[in-house]
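Chemist: Here is my input; please provide its structure:
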Amino acid sequence: MTHALDVVPTSTDIASGVEGAEELANALTDVLADTYRLTFKSHAFHWNVEGPLFFSIHKLTEGQYENMFAAADKLAERIRAIGQMAPMAMGTIIERSVIKDDATAPSAGEMCVILAEDHAHVSQRLHALIKLAGEHNDPVTEDLATERAAFHEQAAWMLKAMAAQ
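Modeler: This is a model prediction of the structure:
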């Protein structure tokens, strides 16, 4: 008698049974790069926000960049867990991310709009990762990406609400 848990993995890249580990690691690296860049951008806006919304945006971005910094570690550890190397150069982070620097000094409201758009972009990339992880029978990456997408969607909503006139 066989049990569902007795299933032997077929052709996989690592012992955990994850198929397509290299493709998944590439997608995870993209999301990690986005997370790392958005962490810094949120922190920079946190430092430089001014005006009547100072305290609200200062506190909101603090919670967001702290969450993303911890998430970057989880994403990198997942890349390692599926047998691939996490990025080791800032150039890789910059090259792989859809998040761009903002060299201007935006107003507090503009900061919220810019960050909301960035969180939406990261969420879209996470949705693509969720789909890819499902196609490769990797529920751990799928769950991690789902959790991260929920965070970024909520962050985008909060920032948009803060910027509303």
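
Chemist: from memory residue 72 sits against residue 34, does it?
Modeler: No - contact criterion C-beta atoms under 8 Å: residue 72 and residue 34 do not qualify, at 9.7 Å. Placement of C-beta: from N, CA and C, glycine included.

Chemist: Could you check which of those two has the larger neighbour count?
Modeler: residue 34 (28 against 21; other C-beta atoms under 10 Å).

Chemist: Contact partners for the more buried one?
Modeler: 96-99, 121-122, 125 (C-beta atoms under 8 Å, 6 or more residues apart in numbering).

Chemist: secondary structure element for it?
Modeler: helix 21-48 (DSSP states H and E).

Chemist: Quick one: list the elements packing against the host helix or strand of residue 147.
Modeler: Using DSSP H and E, residue 147 sits in helix 139-163. The contact analysis (3 or more C-beta pairs under 8 Å, 6 or more residues apart in numbering; DSSP states H and E) places helix 139-163 against helix 21-48, helix 54-81, helix 108-135.

Chemist: Which residues in it does the neighbour count mark as buried?
Modeler: Using 16 or more other C-beta atoms under 10 Å as the test for burial, helix 139-163 gives 141-142, 144-146, 148-149, 151-153, 155-156, 158-160, 162-163.

Chemist: Can you get me the centre-to-centre distance for that helix and its chain?
Modeler: Centroid separation for helix 139-163 versus its chain: 8 Å, with C-alpha atoms, centre = their mean, to the nearest Å.

Chemist: Next: stretch 123-141.
Modeler: Taking mean C-alpha positions (C-alpha atoms, centre = their mean), stretch 123-141 and its chain are 12 Å apart.

Chemist: change the start of the numbering to 346 and stick with it
Modeler: Got it, first residue is 346 now, which makes that one stretch 468-486.

Chemist: For it, which outside residues touch it?
Modeler: Contacts for stretch 468-486 (C-beta under 8 Å, 6+ apart): 361-365, 368-369, 372-373, 375-376, 379, 423, 426-427, 443, 487, 490-491, 493-494, 497-498, 501.

Chemist: Surely residue 388 is in contact with residue 410?
Modeler: Yes - counting by C-beta under 8 Å, residue 410 is a contact partner of residue 388 at 4.6 Å.

Chemist: middle-most residue in this structure, spatially?
Modeler: What sits nearest the mean C-alpha location of the chain, by C-alpha atoms, centre = their mean, is residue 380, with 4.2 Å.
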